[in-house]
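S.K.: With the input below, show me the fold.
(2 chains)
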Amino acid sequence: MEQQAIPAAPVANPRKMVAVLSGVAALSGLLIVGIFQFTAPFIEANREAMIERAVFKVVPGGTEKQVYGFDENSVSPDPTAARFGDRFYAVYDDNNTLKGVALETSGQGYQDVIRILYGYDPVRQVVTGMTVLESKETPGLGDKISKDPNFVANFDALDATVDPGTGDLAHSITVVKNGKKEHAWEIDGITGATISSKAIGAMMDQGLKTSLPRLLPHLDKLKKAAL
Amino acid sequence: MSTPTNESLDVFVKGLWRENPVFVMLLGMCPVLAVTNSVINALAMGLATLFVLVMSSALVSLLRNVIPKQVRIATYIVIIATFVTVVDYSIQAISLEVYLALGAFIQLIVVNCIILGRAEAFASKNGIGKSILDALGMGIGFTFALLCLGGVRELLGNGSLLDINILGPHFEPWSVMILPPGGFFVLGAWLLLFSWLKERSERRKTEKEASHVG
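M.R.: As a prediction, the model looks like this:
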C-alpha cells in the first residue's frame, strides 16, 4: 500500500510577516497622526470654552477675563502660565471693574485627584463660587460635589477674610456635618459623600492659604491692567 | 436563505437579535456594566464601539488574504487600536463632557472581545460587504443593549432620561441603580426577559408543529 503524503505544515515566511506588520503599523501611524492634526484645534477650543464657562460661573457678573501668572514675588499678565499651579484668571465687567479672580486648585478625593476652579472677591473677601473641573468620584455619591445644589450653594458667599496682621486666613475653611453649618466660613458637607466633600473643603483651604498671600499685595496690578 | 439578499439581510439581522452580543452571547460585559449609568454615556459608548467594529472589520476583511496566519492577531490588534485612537480624539473634539464621563472605557474598546471576535470569526473569512453588514448588525445590537441598560438605570437612578427630568421632583432616586450593583441588577433583569421571550417563541413553534402533525 502506498503511504499517503502528510501535508507539510505551512511554512511561515518571515519576510512576509515583517512586511505585513510594518505595512499595517505604518498605515496606522499615518491615520493617527492625521486625526490628531485634524482634531487638535477643536479639542483646544473645547478646553478653552470649558474653562471660560467655568471662570464666568465662579465669578458672577464678569464679561471679560485675563490670564495671569504668579511669578517670584508678583503677578503679571501671562497667557502661557502653566495650568494648575501658576495660573489664575482676573475677571472684569463691562466697565473694566475687577469683579474677582478665579483660581485653580486640586487635592486627593475618594477615587482620584479632584481639580476645582473657585472664584474669589478680594473686596468682600469671600469665595464667590466653585466648580469641579475634573473628578472621577463615584457616580451617585461622590459626584454630588458638583451636582448637589445645596452643596454648591455653600460657595456662593463663603467667608475667607484675611487677617490683616498675619496675612493669613482669619478662619480656616472647614467642612461640617450636613445641617450643622453655623459660621460663614463653614461648608455644609454631604451625607453619603463625606470624603469627597471634605476633600473639597481641604483643597480650598489649602488653595486660599497659598494663593492669597501671593495675590492680595498685588491687587492694584490687576485693577490697572484692564484700563 | 436561498437568495443573496436574504443571506446578507440575515448576516445583518442576526447581530440585532438572535446573536445579540450582549443579551445572547454575553460578550463585552465590562463596558456594558460600567458606562451604562446614563443614556448619553450608553449611546456614546455604543456608537464608538459601532464605528471601531465597522472600520476594523472592513480593513481586516480587505487584508484577509495578505495577513499571514501567524501574525493575524497582532495585526488585528494594531488595526483595532488605530480606530480606537481615532474615536478617542473625535469624541474629545465633539464633547469634552462626554469624554470625561466615559473615562478609560474608550481606550478599553481595544480589548473589547466583540471586536476581536468578529474580526477573527467573521471578517477574516468573508468579503468586505458581508463583513461590514455583520459589523453593523453586531454594533447596532450592542448599542441597543447598552441603551436598554442605560435607559432603565438613568430613569430609576436619577429620575430622568437624557438629563430631562421624567419622574418629577418628588421622585426619590434609587442611587444603587447608577452604582455598579445596579448594572448587575438591570442586566440580570434584561437577560431574564430575553430568555423568557426566547423560550416562549420556541414553545409556540413546537406547539404549532405538533398541532400541524396532529
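S.K.: so after the longest helix along chain A, what's the next helix or strand?
M.R.: Scanning chain A for the helix with the most residues, using DSSP state H, yields helix A:14-58. Counting by DSSP states H and E, the next helix or strand C-terminal to helix A:14-58 is strand A:64-71.
S.K.: Buried residues of the next helix or strand along the chain from that next one, list them for me.
M.R.: Later in the chain than strand A:64-71, the nearest helix or strand by DSSP H and E is strand A:74-77. Neighbour counts using 16 or more other CB atoms under 10 Å in any protein chain shown place A:V75 of strand A:74-77 among the buried residues. C-beta here means a position set from N, CA and C on the backbone, and glycine is covered the same way.
S.K.: Report the mean confidence score over the longest helix of chain A.
M.R.: Across helix A:14-58, the average pLDDT comes to 90.
S.K.: same question, stretch B:89-98
M.R.: 88.
S.K.: who's in contact with it?
M.R.: Contacts of stretch B:89-98 with the rest of the structure, by CB atoms under 8 Å, 6 or more residues apart in numbering or on different chains, involve A:35-36, A:39, A:42-43, A:46-47, A:50, B:40-41, B:44, B:48, B:99, B:102, B:106.
S.K.: Quote the end-to-end distance of it.
M.R.: One end of stretch B:89-98 to the other measures 12 Å (CA to CA, to the nearest Å).
S.K.: same question, stretch A:180-200
M.R.: Stretch A:180-200 end-to-end distance (CA to CA) = 17 Å.
S.K.: Show me the contact partners of that stretch.
M.R.: So stretch A:180-200 is contacted by A:107-110, A:114, A:116, A:126, A:130, A:135, A:137, A:141-145, A:148, A:150-151, A:154-155, A:157-161, A:170-179, A:201, B:175 (CB under 8 Å, 6+ apart).
S.K.: Quick check: buried residues in that stretch?
M.R.: By 16+ other CB under 10 Å, the buried positions in stretch A:180-200 come out as A:181, A:185-190, A:193-200.
S.K.: out of those, which are inside helices?
M.R.: Reading helices off these with DSSP H, I get A:194-200.
S.K.: all strands for chain B, in order.
M.R.: B:160-161, B:164-165 (DSSP state E).
S.K.: Same list (those strands) but as CSV, adding mean pLDDT.
M.R.: Shown next, in CSV, are the strands of chain B (pLDDT from 0 to 100):
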stretch, mean pLDDT
strand B:160-161, 80
strand B:164-165, 78
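S.K.: how about the ones you listed in JSON lines, adding distance to chain A?
M.R.: Converted to JSON lines, those look like this (distance: least, CB to the nearest CB, whole Å):
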{"stretch": "strand B:160-161", "distance to chain A": "12"}
{"stretch": "strand B:164-165", "distance to chain A": "13"}
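S.K.: most packed of these?
M.R.: Burial of the strands of chain B is given as mean neighbour count (mean count of other CB atoms under 10 Å in any protein chain shown); strand B:160-161 ranks first at a mean of 16.
S.K.: for that one, packing partners?
M.R.: For strand B:160-161, the packing partners by 3 or more CB pairs under 8 Å, 6 or more residues apart in numbering or on different chains; DSSP states H and E come out as helix B:128-158.
S.K.: Okay, buried residues for the helix it packs on please.
M.R.: In terms of neighbour count (16+ other CB under 10 Å), helix B:128-158 has its buried residues at B:130-158.
S.K.: what distance separates the start and the end of stretch B:113-123?
M.R.: Using CA to CA, one end of stretch B:113-123 lies 14 Å from the other.
S.K.: so B:V86 touches A:F36, yeah?
M.R.: No. If you go by CB atoms under 8 Å, B:V86 and A:F36 don't touch, sitting 9.3 Å apart.
S.K.: Compare those two (neighbour count), which wins?
M.R.: Set side by side, B:V86 and A:F36 give different neighbour counts by other CB atoms under 10 Å in any protein chain shown, the larger being at B:V86 (22 against 14).
S.K.: Pull the contacting residues for the more buried one.
M.R.: A:31-32, A:35, B:55.
S.K.: one more time with 7 Å, if that's ok
M.R.: By CB atoms under 7 Å, 6 or more residues apart in numbering or on different chains, the contact list for B:V86 reads A:31, A:35.
S.K.: B:V84 now?
M.R.: Residues near B:V84 by CB under 7 Å, 6+ apart: B:52, B:107, B:109-110.
S.K.: May I ask which of these has the most neighbours?
M.R.: B:V52 (27 neighbours).
S.K.: What score does the nearest residue to that residue once chain neighbours are set aside have for pLDDT?
M.R.: Excluding its sequence neighbours, the residue lying closest to B:V52 (CB to CB, 6 or more residues apart in numbering or on different chains) is B:F83, at 4.6 Å. The model reports B:F83 with a pLDDT of 94.
S.K.: How many neighbouring residues does B:F83 have?
M.R.: 25.
S.K.: In three-state terms, how would A:F151 be classified?
M.R.: Secondary structure assignment for A:F151 (DSSP: H, G, I helix; E, B strand; the rest coil): helix.
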